[in-house]
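Asks: What would the 3D arrangement of this be:
(2 chains)
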Number of protein chains: 2
Amino acid sequence: MTTDPLVVFTPSGKRGHFPVGTPILTAARQLGVDLDSVCGGRGICSKCQITPSYGEFPKHGVTVQDDALSEWNKVEQRYKDKRGLIDGRRLGCQAKIEGDVVIDVPPESQVHRQVVRKRAEARDITMNPSTRLFYVEVEEPDMHKPSGDMERLIEALETQWDLKNVKTDLHILQQMQPILRKGDWKVTVAVHLGDDSHPPKIMHVWPGYYEGSVYGLAVDLGSTTIAAHLCDLKTGEVVASSGIMNPQIRFGEDLMSRVSYGMMNKGGDQEMTRAVREGMNALFTQIAAEAEIDKALIVDAVFVCNPVMHHLFLGIDPFELGQAPFALATSNSLALRAVELDLNIHPAARVYLLPCIAGHVGADAAAVALSEAPDKSEDLVLVVDVGTNAEILLGNTDKVLACSSPTGPAFEGAQISSGQRAAPGAIERVEIDPVTKEPRFRVIGCDIWSDEDGFDQAIATTGISGICGSGIIEVIAEMRLAGIVDASGLIGSAEQVGTPRCVKDGRTNAYLLWDGSADGGPTITVTNPDIRAIQMAKAALYSGARLLMDKFGVDTVDRVVLAGAFGAHISAKHAMVLGMIPDCALEKVTSAGNAAGTGARIALLNTEARGEIEETVRRIEKIETAVEPRFQEHFVNASAMPNSAEPFPILESVVTLPQVNFNSGGDSDERGGRRRRRRS
Amino acid sequence: MTTDPLVVFTPSGKRGHFPVGTPILTAARQLGVDLDSVCGGRGICSKCQITPSYGEFPKHGVTVQDDALSEWNKVEQRYKDKRGLIDGRRLGCQAKIEGDVVIDVPPESQVHRQVVRKRAEARDITMNPSTRLFYVEVEEPDMHKPSGDMERLIEALETQWDLKNVKTDLHILQQMQPILRKGDWKVTVAVHLGDDSHPPKIMHVWPGYYEGSVYGLAVDLGSTTIAAHLCDLKTGEVVASSGIMNPQIRFGEDLMSRVSYGMMNKGGDQEMTRAVREGMNALFTQIAAEAEIDKALIVDAVFVCNPVMHHLFLGIDPFELGQAPFALATSNSLALRAVELDLNIHPAARVYLLPCIAGHVGADAAAVALSEAPDKSEDLVLVVDVGTNAEILLGNTDKVLACSSPTGPAFEGAQISSGQRAAPGAIERVEIDPVTKEPRFRVIGCDIWSDEDGFDQAIATTGISGICGSGIIEVIAEMRLAGIVDASGLIGSAEQVGTPRCVKDGRTNAYLLWDGSADGGPTITVTNPDIRAIQMAKAALYSGARLLMDKFGVDTVDRVVLAGAFGAHISAKHAMVLGMIPDCALEKVTSAGNAAGTGARIALLNTEARGEIEETVRRIEKIETAVEPRFQEHFVNASAMPNSAEPFPILESVVTLPQVNFNSGGDSDERGGRRRRRRS
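Replies: The predicted structure follows:
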């Protein structure tokens, strides 16, 4: 029976006996307790702060006396004087065991601390970054035992931190000798802990103890926009977020027009590769400036994107993705070096690209799967990432299906006569009175509705410039609910609808939402081609979801998650009125925000999640919409618009409903339209 | 008891029973017999040629009937018609076992064939190159089972060649899709089989079966010259050799002046790095043109160099190497990518640098150790690599010591009044008649001695331009033997020596070797400063060797190997007259040619040798001459010149010998000079 004191760590519950005089940090390491340290117990970094508890602990079977730990010492006092230390806290490397003791490791002292996500249903992120900091004392050179400075630095990492087979990049070799001497052979080293393709590598060396942090980028490379989060790899905190338009837009708004550009123009793919990499670098410069950090401190980056962007970013001609069988050059995840992609961050920074699921379902969908984890959901969840292309996942713990649907950019306000991207001045919310057919709306950057007092003053600075994606969904859904547009998508005339807001527009009609011409502003209307564009987009989206449901063998889903920046702003009610998403109780429709970006952030902060999503992607069942006859069938049937926010029947039944129906050739009947066959 | 036929392979002696119908290639693979194949048994590559033997083989206990193998087939006939096949040869993938048989695998069908080295005492090189070719048939894409083209290619390498965890570089991903389609999903792949820092990687992909080869470079990066061998990685053959002057010479002739240049000029080290890399690229372009191959087929390169060149080539400021404790930035071997060093060969080509032994003993010395293998020598061998710096190894199977000595460039003809590098027109051999004091000599590019008939016509094109390194050694040694120069290194006057060839040259005398002034050519003399320069150089060389002998505890060595391009041309007799090398029987002094270059070639062709030399270098005992008081002592004593080609006594006794001695202040005595103390 041992007489050594017992140490119990909370919250882990790990416990063990240690000789009197053992530092708490040493005991924690021996028990595998997650207690951080950068300086290796030298009283420099203060990462190993712990809180001893005193008194009776029947649960642990321990009584902790006041003298259970060694006395508060000079190192701790100096640290407290200089930097402050919460009362009751001790430094784990200084406090030594004198008797039985219970030690709490606060979250900020844990290496694998949790980064809390805001949404209730989302799992927290466990910190496990690729790159960590280590303080080491390096043996000085001795000409009688000649060895390289690097070899002695690597030896120090092995003996002091148990890091094995550490390598270094050439650029570190080129810089390291003066740094070692400046730090008097004490340095802080950032080590990338390695991956499948690479051994652990030294990324950075600072003289002495380095107080700062290293950073990583989580980048969502979309067809239209590129968004990046800059994260602190020590805390997991997002220190800056920024976005730019994808500079490739000048080569084509949608993906297929970019693929065509590459086919029609020799070197066109390389031109697009250059453009997106240049855009990326501009974004990184911007985000680092915003966070006021040196770009060279960015040592890791995770990218998610659709397959075409994936190939163009990598410098691969996306030609094959433009035609069956849509063969990806590579589908697996990729671990590259930033220099290979001409990225101007840390010269040896790593780049991780999530795996692609299929030729049309990219790393962005994989990232959504990582963030929303349908494979871990007990109930059947439909995850829809609405962007220029919609990626759709359907699944539960049994299996997950995935497909993509070519919605086009209409949902983002493109191809819409008064459309614009979501920016101040854009109409984002709309209501139409079903009786008077009069609209009221709200614009981004203003909290007041257009029919409320003070609206004119409130929008004085932004003005009203157009309708953004969520606004166009709402206005068309409201037009449908108010009987301004029929199930087939035709807008009635002023006489048919009974409002002068319905105006002639060539052979069809348009609905006047806002006339700013008196003040020299725009006249904002919703035209019949606008409605056609939204019909095509929503039919594509719906058909993809429906196809997955067929493949899964279900007619309903338990819940729907709308992802994508656009998904965050969409009104579930209006989406259902339009028939964008299948039948589901309204309260079961939630928004996940930029889930692809969140997935990228998870993969950035937790390298284990990378292996996890690679495994999940291997198991996901991929459905290719382009060659599924049922997709075409669903698509043909899905362009009409139901007129209720209730769970809506699929089109076969919708068209039989008695409801308004406008025929551009006149022959109208405002109440109870007649059945009408659409041209296929 | 099995009734399956017995197959015996020679020369390996491996044997086993196989079912009737088993192809010989399959049997060889199962037994681990070294039988080459690129196409994997598809009858395309013909690498698996074997020679069956028929009749009685009592040694193997086998009788081979005429029908022991399946009949000669169409594939073999087609190959023979198209390419030719030696009579009696079969293709191992086509010939199937029908009865007991003895199969000889000829050397050219072995993967690990031997590359025969010319010297009797040198070991042959076993082929085991980093990069090999593999022919594979890749599964076509299927949109219902989406996976990347690369993943299917890698799967083919795994299933058809048992290559695991193969990765690819980005540039291959960028090119591979059209190649796969052009080859109708059959491709030949060059795979770098990986090293300590890197997993196996695809380096090249060709459509269909690729007939050609891939190449590697063995580069000896010297302070003065850069020499490269271009080797076929399939056969081991040197297909071209070429050399250039090191462009860094403009920054300083010797290493320390380059280190100083870096210290005195901001960015000077980077300037020198650029210069050497540019020179390297020019050399590679030249050598590839000479061999008429595409530079992109060069997939591997091995470099050997001294520590300063090593650092400058890598882009590391050699500052620390210029002062004690001479700390290398890194001493271990390095596995890099050619792009990191701005080399314009294959974009993913690998670069391997041999380890450095110490701050003054570089990867070139490691390469010499690999080529000359003192650690495998039963007798005690002194290996001297004579260049701008001399690297010296002393050892046997017990232990190996190493040091370097700063000889300076005098041995290469620099710092010599009429010195030049070894090129046509340079005097390389000299004899002086001890009675008449008249010289005769030979110049590079001409087989006739200067006193033979037809000499004038023979040298009409080259002319006589100067003296190269080996020439200067010979002329000074001959001057010493002819009594023209005394043991202290002074040249006698015309009166003292008794020849008008001794001419006044300031306060000292010079010896006129050749007067070409009548034809507008140069006047070639050996001056007293020339002799001083050679004395300093040879004293450094000798003292280093002597120091190692002290450390080893010996007074003599069993044999001496002179390495270096210069070592190949030096006359052992004259080297001993000058006291360049310690006491050893003349027939035990051999030349190894460019042993550093050979070491590089071994490491290029046999990757296992890389690990071997890394291990050897770890075990080599490093002696730092700069801080060894005994080195200074030896040096002071070693600048005088003994006057006999017999095993020469060290200087203490030399100076006591009665011999010629010239004093610039007159007071001469041609026969039996008096004792004289040198200034220290």
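Asks: Count the residues that sit near residue A:266.
Replies: The criterion is other CB atoms under 10 Å in any protein chain shown. On that basis, residue A:266 has 9 neighbouring residues. Bear in mind the C-beta positions are built from the backbone N, C-alpha and C, glycine included.
Asks: Give me the secondary structure label for it.
Replies: Using DSSP: H, G, I helix; E, B strand; the rest coil, the structure places residue A:266 in coil.
Asks: any idea of the pLDDT on it?
Replies: Here the pLDDT value assigned to residue A:266 is 91.
Asks: quick one, what contacts the residue nearest the centre of chain A?
Replies: Geometric centre of chain A, nearest residue: residue A:597, 1.3 Å, by CA atoms, centre = their mean. For residue A:597, the contact set (CB atoms under 8 Å, 6 or more residues apart in numbering or on different chains) comprises A:218, A:220, A:227, A:229, A:304, A:367.
Asks: Name the residues linked to the residue nearest to residue A:145 when sequence neighbours are not counted by a beta bridge.
Replies: Distances taken as CB to CB, 6 or more residues apart in numbering or on different chains put residue B:622 closest to residue A:145, at 7.9 Å, once the chain neighbours are dropped. Going by DSSP bridges, residue B:622 is paired in beta bridges with residue B:402.
Asks: any idea how far residue B:622 lies from residue B:356?
Replies: 10 Å (CB to CB, to the nearest Å).
Asks: what about the two, which has more around it?
Replies: Between residue B:622 and residue B:356, counted using other CB under 10 Å, residue B:356 has the larger neighbour count: 32 against 22.
Asks: show me where the stretch 301-450 of chain A has helices.
Replies: Taking DSSP state H, counting those that start in this stretch as the criterion, the stretch 301-450 of chain A carries its helices at A:307-314, A:363-372.
Asks: Report the buried residues of stretch A:104-124.
Replies: By neighbour count with 16 or more other CB atoms under 10 Å in any protein chain shown, stretch A:104-124 contains the buried residues A:104-105, A:109-110, A:113, A:115, A:122.
Asks: And residue A:529, which helix or strand is it part of?
Replies: Assigned by DSSP states H and E, residue A:529 belongs to helix A:528-552.
Asks: Pull the distance from stretch A:149-165 to the chain's centre.
Replies: 36 Å (CA atoms, centre = their mean, to the nearest Å).
Asks: pretty sure residue A:63 is touching residue A:99, no?
Replies: No - in terms of CB atoms under 8 Å, residue A:63 does not count as a neighbour of residue A:99; the distance is 9.1 Å.
Asks: what sits against residue A:594?
Replies: So residue A:594 contacts A:220, A:227, A:563-565, A:568 (CB under 8 Å, 6+ apart).
Asks: now, which of those residues lie close to chain B?
Replies: Applying CB under 8 Å from any CB of the partner chain to those, one finds that nothing falls near chain B.
Asks: What's the separation between the residue nearest to the centre of chain A and residue A:106?
Replies: 29 Å.
Asks: and the helix holding residue A:529 with chain B, contact?
Replies: No - Helix A:528-552 is not in contact with chain B by CB under 8 Å from any CB; minimum separation 11.8 Å.
Asks: With stretch A:175-183 instead?
Replies: Yes - if you take CB under 8 Å from any CB as the test, stretch A:175-183 does meet chain B, through A:176-177.
Asks: Give me the contacts around that stretch.
Replies: Applying CB under 8 Å, 6+ apart, the set of residues contacting stretch A:175-183 is A:138, A:149-150, A:153, A:168, A:187, A:205-208, B:316-317, B:319-320, B:327, B:329.
Asks: Now which of the residues you listed would you call buried?
Replies: A:138, A:149-150, A:153, A:168, A:187, A:205-207, B:316-317, B:319-320, B:327, B:329.
Asks: Out of those, list just those in strands.
Replies: A:168, A:187, A:205-207 (DSSP state E).
Asks: Among those residues, find the lowest-pLDDT one for me.
Replies: Out of these, that is residue A:168, at 91.
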